[in-house]
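# any chance you can model this:
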Amino acid sequence: MAKKAIVYSCTECGAQATKWLGRCPDCNAWNSYAQEDAPAPVAHPQALSANAAPMPISEIGADRSPRVSTNIESLDRVLGGGLVPGAVTLVGGEPGIGKSTLLLQVADRLARNGLVLYVSGEESPTQIALRARRLGTLHENLCLFTETSIDRILAEVEKLRPAALIVDSIQTVHTSANASMPGSIAQVRDSAGVLMTAAKRLSLPVFLIGHITKEGTIAGPKTLEHIVDTVLYFEGEKFQNYRVVRAYKNRFGPANEVAIFEMHDTGLEEVPNPSAALISQRSQSAGSAILAAVEGTRPLLIEVQALVSPTHFPSPRRMAMGIDANRVTLLLAVLERKAGGATFAQNDIYVNLAGGLTIDEPALDLGVVAAVLSSQRNQPVAHDVVLFGEVGLLGEIRSVSQPDLRAREAAALGFRRIIVPHSNAIEIRADIEVMPVRRIEDIAALLFDESQSRPAKRV
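Alright, predicted model coming up:
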């Protein structure tokens, strides 16, 4: 009997080698090669069109097929206006964050417009039905199918011709075109490729749920994210009620667009006014500031909290939640160097974005600086002030994008003053008092009454 061929595949990028390698030569990942059986030679999947031929782009008619609404307004915005027929959407997130709950609710809403096939390779129909009863997602057009074979799944799709297909999850299904185990690099890649081909051929919107690795990226080869049309990440703290759906890739709409939901016993509910919800429990104490961020096209007002306390360690601690810790360290260095006497060598500093959100935007800098100075001086920031702006290494306050959008959101929620980079001030048309600032050393004078500054006492 012939010896079975063995190959080694990189779990990060899908590159293959005939022997184990400590470092992948393609993506430079360490210790990422895993052993699997070499796939047997098979025919290529069915082409998108049997009669495909080169054509001048000017002669190709635009597809006027309307987008399909998910009947969830926030999700439609993230998708760029709804589902595009034939689009494949990959949804990733930590275990227990609510991926299956979200897509079961999406399936129920889509079932109002036609048959929806929900395929699960992880749960039985009884288990899914129990959750559906709790969520109230029992539409008669929602069909459950527990199967892991791509061939059988596509056979049912050909027979039922559903309006949408949901696969939970891509790591549990397999195709007969590949002999490796379900969940392996090759199986995930090939299964996604077969589903993508079927989606384009049938103009069928497809949702795929993807597991994530301990680093927070979707498990499987990186080619999986290249194959699909849209990549959504479901984010949030398990012990917080808020969940964020963020578009990391979207061929048919803006990337980095976000939708915010709140988790309840009956499922996920849209948050119609995220800014109001995020600052509803804001503190009036020292160490709190309200900043204006933009995620995609959505403005968000977020409370940033800072705590500056005497250290009991040889090296002061620096911790940040919801914001890049390296960015916080950089801002502290600029404050010490440029802000006229601020020193943190004997202080532990903790920074947190309230609400469990994670935001990565330079415009947060000014809000972080305000919160840190407020905590250090033990003097609260005025309750009617909002800030945004990027802080440069030389202490200059640099302009950011969409200043008027941020200012309008602040004005709509009752804030009367906004501190902005000087170069952004001329762009703001909102009905709010604009306080421009050029240098980081000028921030304290705008925020605080210098005569009432009182540093926190050492414990």
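# check which helix or strand Ser100 maps to.
If you go by DSSP states H and E, Ser100 is part of helix 99-110.
# what pLDDT, on average, does that helix get?
Averaged across helix 99-110, the pLDDT comes to 95.
# so Ile426, which of the three states?
helix (DSSP: H, G, I helix; E, B strand; the rest coil).
# ok, now Pro299?
Quick answer, by three-state DSSP: Pro299 is strand.
# dig out what it forms beta bridges with.
Val294 (DSSP bridges).
# ok, back up a step: helices and strands around the helix or strand just after the helix holding Ser100, which ones?
Following helix 99-110 in sequence order, the next helix or strand is strand 116-120 (DSSP H and E). Secondary-structure packing of strand 116-120 (3 or more C-beta pairs under 8 Å, 6 or more residues apart in numbering; DSSP states H and E): helix 99-110, strand 142-146, helix 150-160, strand 164-168. Any C-beta I mention is one placed from the backbone N, CA and C, and that applies to glycine too.
# name the residues that touch the longest one?
Around helix 99-110, the neighbours that count as contacts under C-beta atoms under 8 Å, 6 or more residues apart in numbering are 68, 70-72, 75, 91-93, 116, 118, 123, 128, 131-132, 135-139, 142, 163-164, 166, 168, 207, 209, 234, 243, 245, 261, 263, 267-268.
# what about 6 Å?
Helix 99-110 has contacts (C-beta atoms under 6 Å, 6 or more residues apart in numbering) with 70-71, 91, 93, 116, 118, 137, 139, 142, 164, 166, 168, 207, 209, 234, 267-268.
# for the second one, same thing?
When contacts are taken as C-beta under 6 Å, 6+ apart, the neighbours of strand 142-146 outside the stretch itself are 107-108, 111, 116-120, 125, 128.
# that one pairs with which strands, parallel or anti?
Partners of strand 142-146, by DSSP bridges, with direction: strand 116-120 (parallel).
# and the angle for the strand it pairs with with helix 99-110?
160 degrees (axes from the mean of the first three to the mean of the last three C-alpha atoms, to 10 degrees).
# which other residues reach strand 116-120?
By C-beta under 6 Å, 6+ apart, strand 116-120 touches 107, 110, 128, 142-147, 153, 162, 164-168.
# so how far is Tyr8 from the closest residue to Asn31 other than its chain neighbours?
Of all residues not flanking Asn31 in the chain, Gly22 sits nearest, at 6.5 Å (C-beta to C-beta, 6 or more residues apart in numbering). Computed as C-beta to C-beta, to the nearest Å, the Gly22 to Tyr8 distance reads 11 Å.
# for Ala276, same thing?
Distance from Ala276 to Tyr8, counting by C-beta to C-beta: 53 Å.
# of these two, who's got more company?
Between Ala276 and Tyr8, Tyr8 has the larger neighbour count (other C-beta atoms under 10 Å), namely 18 against 14.
# give the contact list for that one.
Going by C-beta under 6 Å, 6+ apart, the list of residues near Tyr8 reads 17, 20, 33, 35.
# most neighbours, which of those residues?
Using other C-beta under 10 Å as the neighbour criterion, Tyr33 leads those with 23 neighbours.
# how much space between that residue and Asn178?
Using C-beta to C-beta, Tyr33 is found at 18 Å from Asn178.
# next: Pro310.
Applying C-beta to C-beta to Pro310 and Asn178 gives a distance of 60 Å.
# what's the following helix or strand after the helix or strand of the chain with the lowest mean pLDDT?
The weakest-scoring helix or strand in the chain, judged by mean pLDDT, DSSP states H and E, is strand 33-37 (a mean of 79). Using DSSP H and E, the next helix or strand after strand 33-37 towards the C-terminus is helix 73-78.
# helices and strands around that following helix, which ones?
strand 258-264 (3 or more C-beta pairs under 6 Å, 6 or more residues apart in numbering; DSSP states H and E).
# quick one: residues in contact with the strand it packs on.
The contact list for strand 258-264, computed with C-beta under 6 Å, 6+ apart, reads 74-75, 78, 241-246, 268-269, 271, 274, 295-296.
# what lines up beside that strand in the sheet?
Strand 258-264 pairs in its sheet with strand 242-250 (antiparallel), strand 267-270 (antiparallel), by DSSP bridges.
# in the last one, what's buried?
By that I understand strand 267-270. Judged by neighbour count (16 or more other C-beta atoms under 10 Å), strand 267-270 contains these buried residues: 267-268.
# just the longest one next, same as before
Buried residues in strand 242-250, defined by neighbour count with 16+ other C-beta under 10 Å: 242-247, 249-250.
# after the strand or helix carrying Leu332, next one along is what?
Assigned by DSSP H and E, Leu332 belongs to helix 325-338. Counting by DSSP H and E, the next helix or strand C-terminal to helix 325-338 is strand 347-353.
# tell me what the helix holding Leu332 is packed against?
Using 3+ C-beta pairs under 6 Å, 6+ apart, helix 325-338 sits against helix 365-377.
# pLDDT weak spots in the stretch 101-250 of the chain?
213-222, 238-239 (pLDDT under 70).
# contacting residues around stretch 20-29?
Residues from elsewhere that reach stretch 20-29, judged by C-beta under 6 Å, 6+ apart: 8, 10, 12-13, 15, 30, 32-33.
# could you give the mean pLDDT of it?
Mean per-residue pLDDT for stretch 20-29: 86.
# got it, and stretch 274-292?
Averaged over stretch 274-292, pLDDT sits at 92.
# please identify the buried residues of it?
Quick answer for stretch 274-292 (16+ other C-beta under 10 Å): 274-275, 277-279, 282, 286-292.
# try stretch 248-266
So, applying 16+ other C-beta under 10 Å, buried residues of stretch 248-266: 249-250, 253, 256-263.
# any chance of the residues you listed in a markdown table, with distance to Ala320 too?
Output for the buried residues of stretch 248-266, formatted as a markdown table (distance: C-beta to C-beta, whole Å):
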| residue | distance to Ala320 |
| --- | --- |
| Lys249 | 26 |
| Asn250 | 28 |
| Gly253 | 30 |
| Asn256 | 20 |
| Glu257 | 24 |
| Val258 | 20 |
| Ala259 | 25 |
| Ile260 | 21 |
| Phe261 | 24 |
| Glu262 | 24 |
| Met263 | 24 |
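# how about the contacts made by the residue sitting nearest the centre point of the chain?
Central residue of the chain (C-alpha atoms, centre = their mean): Arg246, 3.2 Å from the mean position. Contact analysis of Arg246 by C-beta under 6 Å, 6+ apart lists 233, 258.
# swap in Pro380?
By C-beta under 6 Å, 6+ apart, the residues touching Pro380 are 284-286.
# A strand includes it, no?
No: secondary structure of Pro380 (three-state DSSP): coil, not part of a strand.
# for it, which non-adjacent residue is closest in space?
Counting by C-beta to C-beta, 6+ apart, the residue nearest Pro380 is Ala286, at 4.8 Å.
# would you agree Thr148 is in contact with Val173?
Yes: if you go by C-beta atoms under 6 Å, Thr148 and Val173 touch, sitting 5.1 Å apart.
# what do these two both touch?
Here Thr148 and Val173 have Gly121 as joint contacts, going by C-beta under 6 Å, 6+ apart.
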